[in-house]
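**Student:** Sharing a model prediction with you, sequence too.
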Amino acid sequence: MKRRSSRNLFWPQKLKPKLKSVIVLALIMLLLSISTAFALEQKQIFLPGETSEGHHLFEASCASCHEGFKQVSNETCNRCHEAELENDLHGAKKFRDPRWAEFREKVDVLTCTACHNEHVHMFGRGVHLQPDLCMACHEELTLTQLKSHEGFAPDGCWTAGCHNYHEHDTISTGFLRQNMGQPAMLPVQQLPERVVETELEAAPEPNLQKEFLGGKS
Amino acid sequence: MIAFMGSPKKAVLVIVLVIFWASSLLIGGALPASAATEQEIEEIVSLWQPSVHALNDVNCASCHQNNESNEFVANPDHESCLSCHEQPVETFLLGKHGIRLLEGESPLTPKIAQIPMKRDAFDQQMNCNACHNVHSVNTMQAAVDSCLTCHNDTHSLNYENSKHAQAVFASQPLPRPGSASVTCATCHLPRVAHKSADGIPTAKVNHNNTYTLKPRDRMVGEVCMNCHGVEYSYNSIFDDELVEANFDRPPTLNHQTFDLMRAAEERRVGNASVSEGAG
């Protein structure tokens, strides 16, 4: 009894025993819910916000994108998105050139997360910046000098579906000019044909039978 | 505090129980595979015999036996398919269907999708054999029927009313879609022209189902323009109603981009003739 009456910083004496038990119980509950979350693979409770479309399917796999508390790197994104960035218009090829370097101060175009953050509100296509983000660099050219774009809304470049930040293979002026006026159905409609070759005239004897009856895994 | 400190044994007991309970949940997943019956095996063998697998000497053991340990494998997964079908499996793992497997998670089930799915299929595990009948290797089934086992949105459900579907149903006896068939897979898991090692032109199927989905202009280039003109393609794919109806009629949209392009062309041609006149 004497020991308990001595000064204790962790449990101030004035705290009533009942309240102490409540705090202990709350801590146990917290520990329990965290361990349950881990045990049930329900790591979603650790997410700081809504996960973007597509990524939500593996949002419990934190280590897919995060290495401790380090910033998510381009390499992480490229593990899956390499194909989409093959002909990146705003990619390293262009922006490592000193002529374009000053624009990198406006938008850090060489860092994926500059536009594609995660667990925050998205304006579409996994982009968390305001939809008029193009204006950071293209305002003067498009809205004042380009006659055809007079009166266009500054947030419509990509949201209207006309421009694609990363690739313009099928949306560039050159491509459209070349293909305009085509009929609804092209003269030659050609989907690539699958060529399947076979080595044998007839099927061989199946080489496993009894194993399937056992049901061993 | 008195209650807690007074009985440290109880506290330890509680913690041990919690850990035991949590770990039992983790272990619970591994259930033994059920055995097949003689009749089931007969059916499977008859599906396999005329298949491309059988006629290329891909036998039961090719997939159902571990190469190194010779151990029997009841349910081969995508790793098994990967040993021959590298490109399809690798692209599958990058799309929504396969990404969970790439990240070491349990296979995707339609239950966690954010788009409408059929309730009966909620627990279907997305692996190669979720869509492919691996014994018949009939990819016609994988190109339409398999999709509709799970997908329950209006675009998918309207497929059979579309012109694309009519072309499929009117076609051919091959165990795979021909080059005139437009199936779900034609647009969402498209064939990509490819040359084999000895220079023979063939096609590989891009199993990354997300690649041509968004942005829509990527599908225009990769898929639509195999058959349709550029304006028809854009005016169709950017019309949400028409997409929902699964393209059951020609497009009515007039994408402003093309008016801009025409005006620019007129100016260009006009300027050219003016300078010619002046010259």
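**Tutor:** Perfect, thanks for sending it. Nothing here was measured: the structure is a model prediction, and the numbers come from that model.

**Student:** Quick check: longest helix in chain A by residues?
**Tutor:** helix A:17-39 (DSSP state H).

**Student:** packing partners for that helix?
**Tutor:** helix B:2-6, helix B:8-27 (3 or more C-beta pairs under 8 Å, 6 or more residues apart in numbering or on different chains; DSSP states H and E). To be clear about C-beta, it is placed using only N, CA and C from the backbone, and glycine gets the same treatment.

**Student:** So for the first one, mean pLDDT?
**Tutor:** Averaged across helix B:2-6, the pLDDT comes to 46.

**Student:** quick one: low-confidence parts of chain A?
**Tutor:** For chain A, the stretches flagged by pLDDT under 70 are A:1-15, A:40-41, A:215-217.

**Student:** domain parsing for it?
**Tutor:** When chain A is parsed with automatic domain parsing, its domains come out as A:47-129, A:130-162.

**Student:** Let's have the ones you listed in a markdown table, adding mean neighbour count and distance to chain B.
**Tutor:** Below are the domains of chain A laid out as a markdown table (neighbours: other C-beta atoms under 10 Å in any protein chain shown; distance: least, C-beta to the nearest C-beta, whole Å):
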| stretch | mean neighbour count | distance to chain B |
| --- | --- | --- |
| domain A:47-129 | 14 | 4 |
| domain A:130-162 | 14 | 5 |
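
**Student:** Of these, give the one that comes closest to residue B:230.
**Tutor:** Closest to residue B:230 of these, according to C-beta to C-beta: domain A:130-162, at 13.6 Å.

**Student:** now do the same end-to-end measure for the closest one.
**Tutor:** For domain A:130-162, the first and last residues are 17 Å from each other (C-alpha to C-alpha, to the nearest Å).

**Student:** What of stretch B:199-209?
**Tutor:** 27 Å.

**Student:** Tell me if that stretch is near chain A.
**Tutor:** Yes - Stretch B:199-209 is in contact with chain A by C-beta under 8 Å from any C-beta of the partner chain, via B:200, B:201, B:202, B:203, B:205, B:208.

**Student:** Can you select the buried ones from these in ChimeraX?
**Tutor:** Restricted to buried positions by 16 or more other C-beta atoms under 10 Å in any protein chain shown, the ChimeraX selection for the residues of stretch B:199-209 next to chain A reads:
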select /B:203,205,208
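
**Student:** Name the SS class of the residue lying closest to residue A:134 once chain neighbours are set aside, please.
**Tutor:** Excluding the flanking residues, the one nearest residue A:134 by C-beta to C-beta, 6 or more residues apart in numbering or on different chains is residue A:157, at 4.5 Å. Classification of residue A:157 by DSSP: H, G, I helix; E, B strand; the rest coil places it in coil.

**Student:** my guess is residue A:157 meets residue A:163, correct?
**Tutor:** Yes - Residue A:157 lies in contact with residue A:163 (C-beta atoms under 8 Å); the separation is 4.7 Å.

**Student:** what residues do these two have in common as contacts?
**Tutor:** Common contacts of residue A:157 and residue A:163 (C-beta atoms under 8 Å, 6 or more residues apart in numbering or on different chains): residue A:134.

**Student:** And residue B:180, how close does it get to chain A?
**Tutor:** For residue B:180, the distance to chain A equals 7 Å [C-beta to the nearest C-beta, to the nearest Å].

**Student:** Revised request: answer the last question for residue B:251.
**Tutor:** Taking C-beta to the nearest C-beta as the measure, residue B:251 falls 9 Å from chain A.

**Student:** in the biggest helix by length in chain B, what counts as buried?
**Tutor:** Counting by DSSP H, the longest helix found in chain B is helix B:256-278. Judged by neighbour count (16+ other C-beta under 10 Å), helix B:256-278 contains these buried residues: B:257, B:258, B:260, B:261.
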